[in-house]
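A.B. asks: sequence first, then the predicted structure:
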Amino acid sequence: MKNIQVKVSLILSSVLMSGMLLAACTNNGTISSINTSETLQSAAGSKEQEVSLKFYFAGDRKAATDEVWSAVSNHVKSKGLNVKFDINFIPLGDFKEKMLVMAAAGDTWDMNFDGSWLSYNLMAAKDAYMGLNELLPKYAPNLYKKYQDQGTLAAATVQGQIVGLPWTMRMNQRQFALWRSDMTEIANINPAPNSIKTIEDVDHLLYQIKQAYPNEKIVRVGSRVIYQLRDEWVDLGFHKLGFYLNDPKVTIKPVEQQPFYKEAAAMTKKWYDDGIINRDAMIDKEDGAIQWRNGKSLIGWSSHEWVKANQGFADPSYKIQSSLLYPDKKYVNRTALANVVAINKNSRNPDRVLRFLDMLETDQTLYDLVQYGIEGKTYEIKNEGAEYPEGMKNTTSNYMEWGGQWALWKPQFMRPDPSYDKDFWTKEAEFASQPNNINSPLDGLFIIEDKIKNLLAKRDQAVTEFDRPIEYGNIKSLDAVDSYIEKQKANGLDEIIEEVQKQVDVFLAAKK
């Protein structure tokens with residue numbers, strides 16, 4: 001491992017080899033754990049020097065951030081970890097590009113938030129993150145054991161090295177239809193519970209709502225995601241390529257050539273032409289969740305998490321009803337890499353980052369500080385739940401629900417909060433464990449783009465120019481689909497597929 005300096009005395013080796021000391025449950029919220037921090041400090045025989053850990057998270061800085069993390073520092077120091085924190089935020093829209101630029105420049109920091117939907121795959125492929133095979137079990141044994149129990153480290157392993165620390169949540173994002181039942185009840189539209197299961201059911205409900213509310217915005221999303229669920233298609237998350245779950249060979253294909261693609265294009269065009277899908281949906285940059293909360297749409301498709309969470313409606317009279325779409329179809333669970341933290345390969349203090357993360361795995365008091373902040377200032381506890389102080393809400397919060405916290409969520413410590421009720425995440429994990437919710441055979445795959453990056457740039461440009469209008473129904477005729485298919489073929493699609501399939505086959509062979 002490069003540039004790793006661990007300042008402990010030689011006696012530490014014998015302590016570690018003979019087994020970590022076990023700490024019993026205490027009355028301050030710390031659960032039984034392998035007490036790495038106290039072991040390391042007592043073995044060293046003297047107090048370690050203070051160091052500053054530089055962290056990057058995605059989102060906007062909250063007003064009380066520095067005050068909270070000063071309290072975090074005081075708490076971990078009381079437990080034997082002598083660190084302070086330099087907490088930095090990068091706006092979510094700039095996060096991916098900024099992280100890649102920082103890594104290319106050789107910048108030094110200690111830990112950052114990331115995810116498969118952000119820069120993680122590229123950062124890992126470009127060797128921006130430190131390999132943790134030796135360090136993780138040594139300095140974060142409790143976290144390491146959790147990963148072993150969950151079997152999630154394989155997804156975060158690149159060329160034999162663990163380069164990311166996944167969140168420990170279990171989730172599945174298969175789609176539900178979700179609609180404003182306060183509005184449908186007024187219009188005497190009353191679908192039986194769980195009766196909206198197919199694209200045909202959704203289509204019928206949409207037209208009922210449109211007839212009842214001709215001047216309202218009905219929906220801002222197209223139908224493609226429903227067809228993909230119907231046909232058990234898995235989006236690879238890589239330039240609009242994917243595969244079918246019923247294909248044991250995992251043959252990579254372009255989405256635009258699949259039969260459901262044209263079916264979805266036809267359905268969504270019909271919705272667009274009939275004024276059901278919002279005319280500005282393709283260019284509307286306002287957050288869809290905010291529009292939903294403010295009553296600017298009446299129906300949509302969403303995951304189990306957001307169907308079951310508190311919707312946060314602007315008007316408390318709003319109500320919802322939902323129905324699971326295609327419940328008999330298989331659907332892949334959300335990757336363990338959806339939210340991760342990673343250690344920069346240039347970090348000077350990876351051991352202390354890992355010790356901090358290990359404490360977070362076992363210490364409720366520390367978890368409350370990191371996630372919710374300072375009781376009475378940034379949150380209040382009511383019936384064991386974390387709530388905003390009086391007069392505060394999400395948009396005016398001084399700390400709670402800060403951006404980038406997701407990779408540090410610990411289901412064993414999560415309190416009910418304004419969004420999630422008691423036992424919410426237990427139920428989320430139970431849903432993800434249902435038989436038709438399965439792990440992707442390609443979870444943890446990193447595709448190296450170097451040989452095809454120019455072709456991918458052309459493909460992405462065509463996606464923006466042609467695929468997006470098709471997705472939102474803003475096309476003159478379905479001939480646009482055929483034209484788009486030919487456009488992508490001319491952009492070197494066969495070469496892209498050949499290279500991606502080669503890497504997929506190597507990945508699958510290595511798993512056998």
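C.D. replies: Structure's in. What do you need?
A.B. asks: okay but Gln311 is in contact with Ile290, surely?
C.D. replies: No: using C-beta atoms under 8 Å, Gln311 makes no contact with Ile290, being 11.5 Å away. Quick note: C-beta positions are derived from backbone N, CA and C, even for glycine.
A.B. asks: more neighbours: which of those two?
C.D. replies: The neighbour comparison of Gln311 against Ile290 (other C-beta atoms under 10 Å) goes to Gln311, with 18 against 12.
A.B. asks: need the phi and psi values for that one.
C.D. replies: phi -70, psi -20 (degrees, to the nearest 10).
A.B. asks: distance check, it against Trp69.
C.D. replies: 31 Å (C-beta to C-beta, to the nearest Å).
A.B. asks: what residues are shared contacts of Gln311 and Ile290?
C.D. replies: Shared contacts of Gln311 and Ile290 (C-beta atoms under 8 Å, 6 or more residues apart in numbering): none.
A.B. asks: ok, and the closest non-adjacent residue to Gly492?
C.D. replies: Leu455 (3.9 Å; C-beta to C-beta, 6 or more residues apart in numbering).
A.B. asks: Gln352 in helix, strand or coil?
C.D. replies: Check again: residue 352 is Arg, not Gln. At Arg352, secondary structure determined by DSSP: H, G, I helix; E, B strand; the rest coil is helix.
A.B. asks: list the contacts of the closest residue to it other than its chain neighbours.
C.D. replies: Distances taken as C-beta to C-beta, 6+ apart put Val83 closest to Arg352, at 5.4 Å, once the chain neighbours are dropped. Contact analysis of Val83 by C-beta under 8 Å, 6+ apart lists Glu50, Val51, Ser52, Leu53, Ser73, Val76, Lys77, Asn349, Arg352, Phe356.
A.B. asks: please repeat the previous calculation with a cut-off of 6 Å.
C.D. replies: Val51, Leu53, Arg352 (C-beta atoms under 6 Å, 6 or more residues apart in numbering).
A.B. asks: and for Ile438?
C.D. replies: Going by C-beta under 6 Å, 6+ apart, Ile438 touches Lys330.
A.B. asks: return the backbone torsion pair for the residue nearest to Arg352.
C.D. replies: According to degrees, to the nearest 10, Val83 has phi -140, psi 160.
A.B. asks: distance of it relative to Ala281?
C.D. replies: 47 Å.
A.B. asks: same question for Gln311.
C.D. replies: 20 Å.
A.B. asks: repeat for Ser73
C.D. replies: Counting by C-beta to C-beta, the gap from Ser73 to Ala281 is 46 Å.
A.B. asks: center of the chain, which residue is that?
C.D. replies: Taking C-alpha atoms, centre = their mean as the criterion, Ala338 is the residue nearest the geometric centre of the chain, at 3.5 Å.
A.B. asks: got a list of what that one touches?
C.D. replies: Listed by C-beta under 6 Å, 6+ apart, the contact set of Ala338 reads Gly115, Ser116.
A.B. asks: what's it sitting at in phi/psi?
C.D. replies: Dihedral angles for Ala338 - degrees, to the nearest 10 - are phi -60, psi -40.
A.B. asks: now swap in Lys262 and tell me
C.D. replies: phi -70, psi -40.
A.B. asks: which residue comes closest to it once chain neighbours are left out?
C.D. replies: Using C-beta to C-beta, 6+ apart, the nearest residue to Lys262 is Val481, at 5.1 Å.
A.B. asks: next one: Thr65
C.D. replies: Ile87 (5.7 Å).
A.B. asks: show me where the stretch 51-200 of the chain has strands.
C.D. replies: 51-58, 83-90, 111-114, 157-158, 161-162, 165-166, 176-180 (DSSP state E, counting those that start in this stretch).
A.B. asks: looking at these, which is nearest to Thr395?
C.D. replies: strand 83-90 (16.7 Å; C-beta to C-beta).
A.B. asks: any idea of the mean pLDDT in the closest one?
C.D. replies: Average pLDDT, strand 83-90: 98.
A.B. asks: how about it as CSV, C-alpha atoms only?
C.D. replies: The C-alpha trace of strand 83-90 is given here as CSV (Å, rounded to 0.1, in the frame of the first residue of the first chain):
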residue,chain,number,x,y,z
VAL,A,83,-8.9,13.7,15.0
LYS,A,84,-10.6,16.8,13.9
PHE,A,85,-12.6,17.2,10.6
ASP,A,86,-12.4,19.4,7.6
ILE,A,87,-15.8,18.9,6.0
ASN,A,88,-16.4,20.1,2.4
PHE,A,89,-19.4,20.0,0.1
ILE,A,90,-19.6,19.9,-3.7
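A.B. asks: can you list the strands that that strand pairs with?
C.D. replies: Partner strands and pairing direction for strand 83-90 (DSSP bridges) are strand 51-58 (parallel).
A.B. asks: now find how far off-centre the top helix by length along the chain is within its chain.
C.D. replies: Determined from DSSP state H, the single longest helix within the chain is helix 493-511. Offset of helix 493-511 from its chain centre (C-alpha atoms, centre = their mean, to the nearest Å): 25 Å.
A.B. asks: can you check stretch 211-228 too?
C.D. replies: Its chain's C-alpha centre lies 25 Å from the corresponding centre of stretch 211-228 when counted by C-alpha atoms, centre = their mean.
A.B. asks: could I get the full set of strands for the stretch 401-512 of the chain?
C.D. replies: Along the stretch 401-512 of the chain, counting by DSSP E, counting those that start in this stretch, strands occupy 437-438.
A.B. asks: which intervals of it have sub-threshold pLDDT?
C.D. replies: For the stretch 401-512 of the chain, no stretch is flagged by pLDDT under 70.
A.B. asks: what angle sits between the host helix or strand of Asp358 and strand 83-90?
C.D. replies: Assigned by DSSP states H and E, Asp358 falls within helix 350-362. Counting by axes from the mean of the first three to the mean of the last three C-alpha atoms, to 10 degrees, helix 350-362 lies at 90 degrees to strand 83-90.
A.B. asks: list the buried ones in helix 350-362?
C.D. replies: Buried residues in helix 350-362, counted by 16 or more other C-beta atoms under 10 Å: 350-362.
A.B. asks: beyond that helix, next helix or strand please.
C.D. replies: helix 364-372.
A.B. asks: that next one: what's the following helix or strand?
C.D. replies: Taking DSSP H and E, what comes next after helix 364-372 is strand 380-382.
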